[in-house]
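Engineer: Model the following, please.
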Amino acid sequence: MCGIAGIYGHTNTDAAKERLRRMAVKIDHRGPDADGVYTGDEIALAHRRLSIIDLRAEANQPMWDESGRYVLVFNGEIYNFRELKKQLSGYSFQTDGDTEVLLAGLAKWGINFVKECNGMFSFALWDTRSEELILCRDRLGIKPLYYLRQKNEILFSSEIRSLISGLNVKPELNQSALPEYLRYQTVHGPSTILEGVFSLPAGSFMKIADNEQEIVPYWNLAEAPRNDMRGMSYEDTCDAVRASLEQSVRRRLIADVPLGIFLSGGIDSSAIVALAAQQAQGQIKTFNIDFQEEQYSEAKYAEEIARKYGTEHHRIQLNPDELIKQLPAALAAMDHPSGDGINAYVVSGAAKREGITVALSGLGGDELFAGYPIFKQFHSLQSKKWLLSFPKFARDIAGGFLEMKNPGVASSKTRSVLNQERFDLEYIYPFSREVATMEQNAEMLSFGSKGESSVYNLVKKGVGYGNPGFSMPVLSHVTYAELTTYLENILLRDTDQMSMAHALEVRVPFLDHELVSMVMGIGDKYKYPHSPKKLLVDSMGADLPASIVNRPKMGFTFPWEMWMRNELLDFCSDALEKLGTRDAFNAKAIDKRRQRFLKGDPNVSWSRIWHLCILEAWLDQNEI
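Structural biologist: Next up, the predicted model:
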């Protein structure tokens, strides 16, 4: 895992070197083991290395192919590099790692070689002969790559802060994205919180030559499901899922540095520990965050799994005082504002302090195996389309009664769903992940815009009527929505920026694209969660104890509700007050929401306040 940065189209080599140096400094935490640069008449490339496979200096980057034509800077891992290397027998390899395999494959077969690569990655490949630059990102967007165009230059980097440092004038706040951030606690790609700064879409590459750029998709999640899964028996399906997940974990155990696993004690992380313990060489280290507040503690479940598989278990006790100590550093590490990133910062820091350089995570299990309530809700709604025969005003009245009877966020979202013209996923899903409604957020913005839902557009483009994924099973529709919105733009982004702040690589076995394609091709009959993530549990068999399978689902979250009314009260109040002074915001509306939260209004949970505090902290930190 590493960090990359570059400038294309520069006209002053000396000035480009200085700007590139500033960009590289901003990502030195991503790669403390080695650094390197390459500068030419049009291109300047920088690399920061976190050494994981083949630790020798020969494996440092930028790396040239044997012909001297291509130069590569690469961030990530190609897990099947050993198999691919066998197909490149004529190449004179100087290293034992995956970077040179990627470079050799690209040199021999061109950009289509990425279709053979199983991994998480972003890279830049410069062709010195054709003077063409290719930027590329992995299929599911696990590794980030941001870019911006300024006059005749294109700057790119693993982090936004690095991009900013390469400019003479900082970009402005992207006001058109503010309604989306307030609604979803993030900005969905390709846009970002900054004007003119974009994220390269997952599963795509950008070709840049003669100052022209073209983005080309090489993989589409909506077209990925395997059609051959539909005709298999349930027993064979479970065997296939187990075998695919085993292979995914085995590939992600390859490392020349110490490795550990994040263990919450839930189904997903416990499955990863079980499979890793059966295949790893030596004892595995596991890490769990515990709280004084008993209702948030999962320690006993994590310890049960640790005992069963003989791991070296680390229980990290976190209290509000400790969080407050770590908060400034966590905020400083945040590359793009998000309401959900502090969790990843704390557990990553603890793992790094124990000497770990690579950690496996259970991220993606809920999205693949129908672990969230939205899966059951949407599946059920498909049999209730008769509700649409009632006039909209009648449905709104029914939703209003529900809100009065059971006030809170869930009832509010149900009312919104009942008001929709249709019950297709693109109409329903946008309410699932919102932390506040468009109408509520419009009150807080001085320009009053409700904004268009990019979530609606993303879901419709993939699984809406007439689009590639429409014929997928119903539950796979929801998986598509979860993977392309919430997972990619919050969970994966947070995991990358917060783990790499500690120079820790996090690998996600559930997001192996071969496993994803398999599970998305499985019909609802086998995948419906009659019990929690039934297909995954049955595939794991006796490896998951009943006490883990049948435990209440908690989710990895901190006791924010309590802390924000007590130990974090001053931080939150100060941040919200400062946010209200910015031109784009309405101070009275922000304070009104804060007061409602402090009074315990069920419609204003902690998540409807916290992401506002994070936004102000990020804007202040980056002087936007």
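Engineer: residues touching the residue most central in space within the chain, list them.
Structural biologist: Central residue of the chain (C-alpha atoms, centre = their mean): residue 492, 1.4 Å from the mean position. By C-beta atoms under 8 Å, 6 or more residues apart in numbering, the residues touching residue 492 are 140-142, 363, 508. In short, each C-beta sits where N, CA and C put it, glycine included.
Engineer: Make TSV out of those residues and add secondary structure, distance to residue 205 and pLDDT.
Structural biologist: Output for these, formatted as TSV (DSSP: H, G, I helix; E, B strand; the rest coil; distance: C-beta to C-beta, whole Å; pLDDT from 0 to 100):
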residue	secondary structure	distance to residue 205	pLDDT
140	coil	15	98
141	coil	13	97
142	coil	15	98
363	coil	24	96
508	coil	21	98
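Engineer: Out of these, which is nearest to residue 469?
Structural biologist: Distance to residue 469, by C-beta to C-beta, is smallest for residue 140 among these, at 14.7 Å.
Engineer: Relative to residue 110, how far out is that closest one?
Structural biologist: Using C-beta to C-beta, to the nearest Å, we find residue 140 at a distance of 22 Å from residue 110.
Engineer: which of the two has more neighbours?
Structural biologist: Shown here are residue 140 and residue 110; by other C-beta atoms under 10 Å, residue 140 has more neighbours (23 against 12).
Engineer: from what I can see that one touches residue 482, true?
Structural biologist: No - taking C-beta atoms under 8 Å as the definition, residue 140 is not a contact partner of residue 482, at 11.5 Å.
Engineer: For the closest residue to residue 609 other than its chain neighbours, the count of nearby residues, please.
Structural biologist: Excluding the flanking residues, the one nearest residue 609 by C-beta to C-beta, 6 or more residues apart in numbering is residue 597, at 5.0 Å. Neighbourhood size, residue 597 [other C-beta under 10 Å]: 21.
Engineer: I'd assumed residue 597 was in a helix, is it?
Structural biologist: Yes - counting by DSSP: H, G, I helix; E, B strand; the rest coil, residue 597 is found in a helix.
Engineer: sorry, back to before: in CSV: the contacts of residue 492, plus distance to residue 105.
Structural biologist: Converted to CSV, the contacts of residue 492 look like this (distance: C-beta to C-beta, whole Å):
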residue, distance to residue 105
140, 20
141, 21
142, 19
363, 27
508, 23
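Engineer: tell me the SS of residue 155?
Structural biologist: Using three-state DSSP, the secondary structure recorded for residue 155 is strand.
Engineer: Look up how far residue 112 lies from it.
Structural biologist: 26 Å.
Engineer: Need phi/psi at the residue nearest to the centre of the chain.
Structural biologist: As for residue 492, its main-chain torsions (degrees, to the nearest 10) stand at phi -70, psi -40.
Engineer: Repeat that for residue 349.
Structural biologist: On the backbone of residue 349 - angles per degrees, to the nearest 10 - the values are phi -60, psi -40.
Engineer: That one reaches residue 502, doesn't it?
Structural biologist: Yes - in this structure, residue 349 is within contact of residue 502 by C-beta under 8 Å, at 5.2 Å.
Engineer: Would you verify that residue 231 is located in a strand?
Structural biologist: No - counting by three-state DSSP, one finds residue 231 to be coil, located in no strand.
Engineer: Roughly how far does it sit from residue 522?
Structural biologist: Distance, residue 231 to residue 522, using C-beta to C-beta: 11 Å.
Engineer: between the two, who's got more neighbours?
Structural biologist: It is residue 522, of residue 231 and residue 522, that has more neighbours when counted by other C-beta under 10 Å, with 24 against 9.
Engineer: Leaving out the residues flanking it, which one is nearest to that one?
Structural biologist: residue 229 (4.9 Å).
Engineer: How about residue 198?
Structural biologist: Closest residue in space to residue 198, ignoring its immediate chain neighbours: residue 190 at 4.6 Å, by C-beta to C-beta, 6+ apart.
Engineer: show me what contacts that neighbour?
Structural biologist: Contact analysis of residue 190 by C-beta under 8 Å, 6+ apart lists 198-201.
Engineer: let's see 7 Å
Structural biologist: Neighbour list for residue 190: 198-199, 201 [criterion: C-beta atoms under 7 Å, 6 or more residues apart in numbering].
Engineer: would you list those in CSV and tack on pLDDT?
Structural biologist: Below are the contacts of residue 190 laid out as CSV (pLDDT from 0 to 100):
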residue, pLDDT
198, 97
199, 98
201, 97
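Engineer: Out of those residues, the closest to residue 435 would be?
Structural biologist: Taking C-beta to C-beta as the measure, residue 435 sits nearest to residue 199 out of those, at 20.8 Å.
Engineer: okay, now the closest one: neighbour count?
Structural biologist: Counted with other C-beta under 10 Å, residue 199 comes out at 22.
Engineer: Ok, residue 88 next?
Structural biologist: The local packing of residue 88 (other C-beta under 10 Å) involves 17 other residues.
Engineer: Assign it to helix, strand or coil.
Structural biologist: Using three-state DSSP, the structure places residue 88 in coil.
Engineer: How far does stretch 471-489 sit from its chain's centre?
Structural biologist: 14 Å (C-alpha atoms, centre = their mean, to the nearest Å).
Engineer: contacting residues around it?
Structural biologist: 140-141, 186, 188-189, 202, 221-222, 225, 364, 367-368, 370, 374-375, 378-379, 382, 425, 429, 433, 455, 458-459, 462-463, 469, 520, 523-524, 527-528.
Engineer: Buried among those? Need that as a selection in PyMOL.
Structural biologist: In PyMOL, this line selects whichever of the contacts of stretch 471-489 come out buried by 16 or more other C-beta atoms under 10 Å:
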select buried, resi 140+141+186+188+189+202+221+222+225+364+367+368+370+374+375+378+379+425+429+433+455+458+459+462+463+469+520+523+524+527+528
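Engineer: Of the contacts of stretch 471-489, which belong to helices?
Structural biologist: Residues of these located in helices (DSSP state H): 367-368, 374-375, 378-379, 425, 429, 455, 458-459, 462-463, 520, 524, 527.
Engineer: Next, the distance between the ends of stretch 33-44.
Structural biologist: End-to-end distance for stretch 33-44, by C-alpha to C-alpha, to the nearest Å: 21 Å.
Engineer: Show me which positions of it end up buried.
Structural biologist: 33-39, 42-44.
Engineer: what's the lowest-pLDDT member of these?
Structural biologist: Among the buried residues of stretch 33-44, residue 42 carries the weakest pLDDT, at 91.
Engineer: got the contact list for that one?
Structural biologist: Contacts of residue 42 (C-beta under 7 Å, 6+ apart): 8-10, 131.
Engineer: got it, and residue 611?
Structural biologist: Contacts of residue 611 by C-beta under 7 Å, 6+ apart are 185, 339, 435.
Engineer: pretty sure residue 290 contacts residue 319?
Structural biologist: No - using C-beta atoms under 7 Å as the test, residue 290 is too far from residue 319 to be in contact (9.8 Å).
Engineer: Which residue of those two possesses the greater neighbour count?
Structural biologist: Neighbours were counted for residue 290 and for residue 319 using other C-beta under 10 Å; residue 290 has more, 18 against 14.
Engineer: what sits against the more buried one?
Structural biologist: Contacts for residue 290 (C-beta under 7 Å, 6+ apart) come out as 297, 299, 315-318.
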